[in-house]
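Peer 1: let me see the structure of the following:
(2 chains, ligands or ions: 2)
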Amino acid sequence: MADTRPLIEVEDLARTYHVGEVEVPALRGVSLTISKGEFVAVMGPSGSGKSTFMNLLGCLDRPDRGRYLLNGEDVSRLGPDPLSAVRNRALGFVFQSFNLLPRAAALENVELPLLYAGVHAHERHRRAMEKLALVGLAERAHHLPSQLSGGQQQRVAIARSLVNAPALILADEPTGALDTRTSLELMALFQSLNDQGMTLVLVTHEPDIAQFAKRILMFRDGRLVEDQPVAGRHSAAAMLTGAAA
Amino acid sequence: MNHLDTLRGALRSLRANRMRSALTTLGIVIGIAAVITMLAVGEGARRQVAEQMKSLGTNLILVLPGTVTSSGVRLGGASRNSLTEADARAIRQEIPGVVAAAPALRGSGQVVYGNLNWATQLYGVDGDYLVSRDWVIASGRKFDDNDLRGKAKVALVGETVAQMLFGGTDPTGQTIRVKGVPLTIVGLLESKGQNVMGQDQDDIVLIPLGTARGRILGSAQGRPDSVGHITVKMADGSDMQAAEAQVQALLRQKHRIQPGQDDDFNIRNLSEIVQAEQASSGALSALLAAIASVSLIVGGIGIMNIMLVSVTERTREIGIRLAVGARRGDILTQFMVEAVTLSVLGGLVGVGLGLGGGLLVQRLFDWPVVFQARAVLLAVVSASAVGIFFGWYPARKASRLTPVEALRHD
Ligand SMILES: Nc1ncnc2c1ncn2[C@@H]1O[C@H](COP(=O)(O)OP(=O)(O)OP(=O)(O)O)[C@@H](O)[C@H]1O
Ligand SMILES: [Mg+2]
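Peer 2: Ligands and ions are numbered 1, 2, ... in the order given. Predicted coordinates:
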């Protein structure tokens, strides 16, 4: 039985950027709830406020207005250090540009959240290897990001987002820098994570990619204009084997 | 995040920019090397002075003719010849605790042996002179009573004079000529080396006082028994201030100086002279220390500059770390540890160079250097202090970034 208690409750969330004298209202009051186990795709034209919204959900930024309850806890008024702790324990973030430390090997990149969680070296190593194996990169553990393909780097980033067993994975255009096939592989990975109960929110421009989610949010001009479930189930893994056949 | 991880991370990013790290810390290296060398050289000099002070004897009093006015000007003229052999005798007999009271006449002149000649110091002395200076004979004999009373034409020569005229062979028994007077060398003085002022103490010829006064140094001097100065040596453990006061009172009485009138002689304590010398070498080391600290500050500014550049360059890295849960304190610590590691490594290299520099000074200038663990500790502590002080601002700047800002940077 699915747990229907909301993981995310957002009420009238707003964020305005100030560029000199000019005010840019990037998010103009968004309200929604996301339950545990959901797989949500966020879509909308460029500049519609998707990244702004994701940064707020990811506790990388703070709203000017509104409330954000994560797992029942109001995180919209927390200070920098408590927010760091939330990001470390409850959230995993995947970026379009991977954002791996260039001089650290894949394994060390995956260990990074554990380092700040105060986990001992031995345990850190064990858990990071486990996640690297999960994304199929165990034998690349000691490669630097520059020695990995884009798809592989994004897998390392996903392993890193998973390593602290977060409640939620946020991904801002994770396939934006990848080709179609690699994107499909990545979506298959996300779907399998979701099948195991992980809650996912993912921004994408591509309707094909959004089809792999279970629910699609449409943003326009800083507002949520559409919120619809995806009809039918599209399996990225099946499409991959289908394409191979 | 544990300390070992932090340190490892710092070393990694310093290694990533090896050349830059090395150049950045060069200021610290030079500053610390300078500090270490200065301290070693300064301590060597201090010990040498202390040693010489001991060998000079702090229980010596020097009595010079002439008046010192309150403004410090020494008056010559009539009082030039105010000290006499009789004064020395009186001091020897009447003041308790006097080991020797040696009157001496001083001058200079050419000493001739065969076709060699050498300009040196000439001292007319009596039997107390060698006692007052703790000087012994290396070969031959001292002046005896006959030499002194009979104004014999004899001499004692110092090591340097023996070297110059006799090429190191024993000069005892040879005859030299000083101002036309033939003198037979009866003994060679043991070498004393340089004194505190750097003068060669072995460049000297001693002649019996009577002999010197009569034909060699005497003609211009007024009174028949006047002397150039008197060296008074007190027994070990004497109260030197009391002894000085006694000498002063005795001489005032003998010279019939009325109360309220200035002395026609002046008394100096040898240890005062040495202390003055030491104070000036202290001033020198203070100056060197100031130069060293300026170089440390400049080195620190170099570190701050590069750390600021590094924070800007690594803004994205900071963003990534913040995004996965680094707290502001973690970022602050990371950059502080980098700055301090950089400066401490520089400090250690500087210590090595400084020790090498000290040894070089020792070899090249034959200067005694003394290394102290204390100095090394001081150097390492000041290097880390520089790192902490100049690393603080860049590190704080890094830790104040917000995750979104930092991640947007490229
Ligand atoms: N740091 C910023 N300073 C000022 N304005 C900003 C900043 N970040 C975003 N904006 C503005 O806020 C609005 C929303 O930006 P946002 O990045 O959320 O859009 P987006 O939906 O993610 O677009 P895209 O699909 O191109 O990534 C845009 O008008 C953008 O110009
Ligand atoms: Mg965006």
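
Peer 1: go ahead and confirm residue B:336 touches residue B:391.
Peer 2: Yes. With contact defined as CB atoms under 8 Å, residue B:336 reaches residue B:391; the gap is 5.2 Å. Where you see a C-beta, it was placed from the backbone N, CA and C, and this is true even at glycine.

Peer 1: can you name the residue of chain A nearest chain B?
Peer 2: residue A:88 (2.4 Å; CB to the nearest CB).

Peer 1: the residue nearest to that residue when sequence neighbours are not counted: neighbour count?
Peer 2: Counting by CB to CB, 6 or more residues apart in numbering or on different chains, residue B:325 is the residue found nearest to residue A:88 once chain neighbours are left out, at 2.4 Å. Using other CB atoms under 10 Å in any protein chain shown, residue B:325 has 25 other residues around it.

Peer 1: over to residue B:89?
Peer 2: Neighbour count of residue B:89, defined by other CB under 10 Å: 14.

Peer 1: which secondary structure element of chain B has the lowest mean pLDDT?
Peer 2: Sorting the helices and strands of chain B by mean pLDDT, DSSP states H and E puts strand B:74-75 at the bottom, at a mean of 54.

Peer 1: oh sorry, the question was meant for chain A
Peer 2: Among the helices and strands of chain A, helix A:236-244 carries the lowest confidence by mean pLDDT, DSSP H and E, at a mean of 81.

Peer 1: what sits up against that helix?
Peer 2: Residues from elsewhere that reach helix A:236-244, judged by CB atoms under 8 Å, 6 or more residues apart in numbering or on different chains: A:181, A:184, A:185, A:187, A:188, A:190, A:191, A:192, A:212.

Peer 1: got JSON lines for these, with neighbour count, distance to residue B:251 and pLDDT too?
Peer 2: Putting those into JSON lines (neighbours: other CB atoms under 10 Å in any protein chain shown; distance: CB to CB, whole Å; pLDDT from 0 to 100) gives the following:
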{"residue": "A:181", "neighbour count": "13", "distance to residue B:251": "113", "pLDDT": "92"}
{"residue": "A:184", "neighbour count": "20", "distance to residue B:251": "114", "pLDDT": "94"}
{"residue": "A:185", "neighbour count": "19", "distance to residue B:251": "110", "pLDDT": "93"}
{"residue": "A:187", "neighbour count": "26", "distance to residue B:251": "112", "pLDDT": "95"}
{"residue": "A:188", "neighbour count": "18", "distance to residue B:251": "113", "pLDDT": "95"}
{"residue": "A:190", "neighbour count": "24", "distance to residue B:251": "108", "pLDDT": "96"}
{"residue": "A:191", "neighbour count": "21", "distance to residue B:251": "113", "pLDDT": "96"}
{"residue": "A:192", "neighbour count": "14", "distance to residue B:251": "111", "pLDDT": "95"}
{"residue": "A:212", "neighbour count": "26", "distance to residue B:251": "114", "pLDDT": "95"}
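
Peer 1: max pairwise distance over the residues you listed: which two?
Peer 2: Pairwise distances across these (CB to CB) peak at 17.0 Å, for the pair A:181 and A:192.

Peer 1: do you have the strands of the chain handy? List them.
Peer 2: Here I'm looking at chain A. Using DSSP state E, the strands found in chain A span residues A:6-19, A:22-35, A:39-43, A:65-70, A:73-74, A:91-94, A:168-172, A:199-203, A:215-220, A:223-229.

Peer 1: actually chain B
Peer 2: Along chain B, the stretches classed as strands by DSSP E are B:60-65, B:67-68, B:74-75, B:98-113, B:116-125, B:137-140, B:154-157, B:175-178, B:181-189, B:204-208, B:229-234, B:265-269.

Peer 1: remind me which residues of the stretch 101-250 of chain B are low pLDDT?
Peer 2: Low-confidence segments of the stretch 101-250 of chain B (pLDDT under 70): B:196-197, B:218-223.

Peer 1: would you pull up the residue in it closest to ligand 1?
Peer 2: The nearest approach of the stretch 101-250 of chain B to ligand 1 comes at residue B:198, 72.2 Å away (CB to the nearest ligand atom).

Peer 1: and that residue, how many neighbours?
Peer 2: 7.

Peer 1: same thing with residue A:54?
Peer 2: 21.

Peer 1: interface residues of chain A facing ligand 1?
Peer 2: Residues of chain A lying close to ligand 1 by CB under 6 Å from any ligand atom are A:17, A:19, A:24, A:26, A:44, A:46, A:47, A:48, A:49, A:50, A:51, A:52.

Peer 1: dump those residues to CSV, plus pLDDT and distance to chain B.
Peer 2: CSV is the format used below for the residues of chain A next to ligand 1 (pLDDT from 0 to 100; distance: CB to the nearest CB, whole Å):
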residue, pLDDT, distance to chain B
A:17, 94, 10
A:19, 90, 13
A:24, 94, 14
A:26, 96, 11
A:44, 96, 19
A:46, 95, 16
A:47, 94, 15
A:48, 96, 18
A:49, 96, 14
A:50, 97, 14
A:51, 96, 9
A:52, 96, 9
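
Peer 1: enumerate the residues of chain B near chain A.
Peer 2: Contacts of chain B with chain A, taken as CB under 8 Å from any CB of the partner chain, map to B:1-2, B:5, B:12-13, B:16, B:316-317, B:319-330, B:402-404, B:407.

Peer 1: tell me which of the strands of chain A sits nearest to residue B:378.
Peer 2: Closest among those, using CB to CB: strand A:91-94, at 47.7 Å.

Peer 1: related to what we said a few turns ago, so for residue B:336 and residue B:391, which sits in the more crowded spot?
Peer 2: Taking other CB under 10 Å, residue B:336 and residue B:391 do not tie; residue B:391 has more neighbours (25 against 22).

Peer 1: dump the residue contacts of the residue lying closest to that one once chain neighbours are set aside.
Peer 2: Leaving aside its sequence neighbours, residue B:391 sits nearest to residue B:339 (CB to CB, 6+ apart; 2.5 Å). Contact analysis of residue B:339 by CB under 8 Å, 6+ apart lists B:303, B:307, B:387, B:388, B:390, B:391, B:394, B:395.

Peer 1: phi, psi for the residue nearest to residue A:88 please.
Peer 2: Main-chain torsions, residue B:325, degrees, to the nearest 10: phi 120, psi 10.

Peer 1: so it touches residue A:89, yeah?
Peer 2: Yes. Using CB under 8 Å, residue B:325 is in contact with residue A:89, at 7.4 Å.

Peer 1: could you give the bridge partners of the residue lying closest to residue A:225 once chain neighbours are set aside?
Peer 2: Counting by CB to CB, 6+ apart, residue A:225 lies nearest to residue A:218, which is 5.1 Å off, once chain neighbours are set aside. Here residue A:218 sits in beta bridges with residue A:43, residue A:226, as judged by DSSP bridges.

Peer 1: which residues touch the residue of the stretch 301-410 of chain B found nearest ligand 1?
Peer 2: Nearest residue of the stretch 301-410 of chain B to ligand 1: residue B:408, at 6.2 Å (CB to the nearest ligand atom). Residues in contact with residue B:408 (CB under 8 Å, 6+ apart) are residue B:319.

Peer 1: distance of it relative to residue B:402?
Peer 2: Counting by CB to CB, to the nearest Å, the separation of residue B:408 from residue B:402 is 10 Å.

Peer 1: swap in residue B:18?
Peer 2: Noted for residue B:18: a distance of 31 Å to residue B:402, by CB to CB.

Peer 1: neighbour count: the two, which is higher?
Peer 2: For residue B:18 versus residue B:402, neighbours defined as other CB under 10 Å are more numerous around residue B:402 (16 against 9).

Peer 1: turn the contacts of helix A:236-244 into JSON lines, columns for distance to residue B:225.
Peer 2: Shown next, in JSON lines, are the contacts of helix A:236-244 (distance: CB to CB, whole Å):
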{"residue": "A:181", "distance to residue B:225": "120"}
{"residue": "A:184", "distance to residue B:225": "121"}
{"residue": "A:185", "distance to residue B:225": "117"}
{"residue": "A:187", "distance to residue B:225": "119"}
{"residue": "A:188", "distance to residue B:225": "120"}
{"residue": "A:190", "distance to residue B:225": "117"}
{"residue": "A:191", "distance to residue B:225": "121"}
{"residue": "A:192", "distance to residue B:225": "119"}
{"residue": "A:212", "distance to residue B:225": "123"}
